Structure formats: structure tokens, C-alpha cells
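Chemist: Model the following, please.
(chains A and B)
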Amino acid sequence: EPEVTQTPSHQVTQMGQEVILRCVPISNHLYFYWYRQILGQKVEFLVSFYNNEISEKSEIFDDQFSVERPDGSNFTLKIRSTKLEDSAMYFCASSGWDNEQFFGPGTRLTVL
Amino acid sequence: AQKITQTQPGMFVQEKEAVTLDCTYDTSDPSYGLFWYKQPSSGEMIFLIYQGSYDQQNATEGRYSLNFQKARKSANLVISASQLGDSAMYFCAMREGRSARQLTFGSGTQLTVLP
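Modeler: Purely as a prediction, here's the structure:
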């Protein structure tokens, strides 16, 4: 069964460093998303991406964040200068024309 | 106001019994969708069931069914014949608007199935 994959599973970085989180969505999907979940809290929407551009973004998704689909398979989230409060689980998701969003296993980002 | 409210932080159910997890939502848009996801202790998010605002019948997927009461703005998840593997965090989520895709999640309910 096709699935969303994410790498790395755990990323540790120093405050102020740049990180890139990588995702491979399900191959025939058209919509791609990033969500985050701070430990013990609810899942929060960051951004959605369709047709090679951002279609929606939340207040969390400020200038420190960017997304890219560098080739036909990968979808990346870049955080330019990480802060302590960026520590969270980051989920990539993808969907086709229907409503079901399939989530990847997540990348746990720890900012020291 | 919260868009999605899950009032039960924790629930216990006996194995093989049915359990209802509550979810109420708040939107003025006539077009919306409601989702339930399961998050086991391993952390992944597993899609369970979807209900569209215009769907006439309650959604069902195997042992999962959604008790959709539009007038009351509630979308409760019913799990029948609970299994030990159902122990997990359960999140209700909503998509608002015909073209919007972002999901807004509730705070979750931690379900524990007792042997």
C-alpha cells in the first residue's frame, strides 16, 4: 500500500541553524501539507502546496519557513534559523482529489 | 471560540465493548468535512473516517462509524467491539470551505482499552 515517507525520523539541531525536513508524498497525489505537533499538544496546520505553489498557510508559517518541491517526488520544509520553540514533531501529508489526507510517520525536531 | 472541541481528555473502555468519543465543531460555512485520526504511542497519524457536511448518511469504515448530528454540530466517533490495539490518542479534525484543504484539529482523547 502506498505511503508517505519522511526523513530523518529525528533531527537534533542548534538554535539558529537551518534544517530541512524531507518528505516523499504518495506518488499520484496532488496536494501536499506540513503540520506540526508540539509535545503533548494538538496537531497544527502549517502550509498546503498545490500545483507548485503555496495554496494555504497559517500564522505559524512565517518568513522563517519555506517549502519546495525540488523534483517530482520530494517535498521539503526548510526552517531558516531554528528557535527553541520550533521543537516539535513535523508531519508531512498528501492527498488526491478526495478529502483523505494521509500522514507520514513524522520527523521529531529537537532544537537545543 | 474553538473550532473543534473534544471534551474527553481520557476514556477507558472494556475490551469488546463499544465506545463513543465526542467531537463538536464550530463553523458558519455550509461546506465542511470532518475527520477522525488515530495516533498510537508510536506517533504516526492514521486516517480513520471522513464525513462531508452534505453527506446524507453517517460514514462507516469497518468498526468505526461517525455519529453525525448536523444541527447539534457534533461528529462523534463510535468504535464497536474495542480491541487492545485501539488504545491510542484520537483526534477529530475539520476542513472548512469548499476549496480549503487545511485541517484544524481538536485536542484529542486518549483511549485506553482494558483487557
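
Chemist: Test of understanding: give the bridge partners of the spatially most central residue of chain A.
Modeler: In chain A, the C-alpha nearest the mean C-alpha coordinate belongs to A:W34, at 3.4 Å (CA atoms, centre = their mean). Taking DSSP bridges as the rule, A:W34 bridges to A:V47, A:C92.

Chemist: Can you name the residues of chain B that neighbour chain A?
Modeler: Within chain B, the positions near chain A by CB under 8 Å from any CB of the partner chain are B:33, B:35, B:37, B:42-47, B:50, B:52, B:91, B:93, B:95, B:100-108. Placement of C-beta: from N, CA and C, glycine included.

Chemist: Among those residues, which are located in strands?
Modeler: B:33, B:35, B:37, B:46-47, B:50, B:52, B:91, B:93, B:95, B:104-105 (DSSP state E).

Chemist: Output those as TSV; include the columns pLDDT.
Modeler: Rendered in TSV, the data for those read as follows (pLDDT from 0 to 100):
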residue	pLDDT
B:G33	94
B:F35	96
B:Y37	96
B:I46	93
B:F47	93
B:Y50	94
B:G52	93
B:F91	97
B:A93	97
B:R95	94
B:T104	95
B:F105	96
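
Chemist: Show me how to select, in PyMOL, the buried members of these.
Modeler: Buried residues within these, by 16 or more other CB atoms under 10 Å in any protein chain shown, are selected in PyMOL with:
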select buried, chain B and resi 33+35+37+47+50+91+93+95+104+105
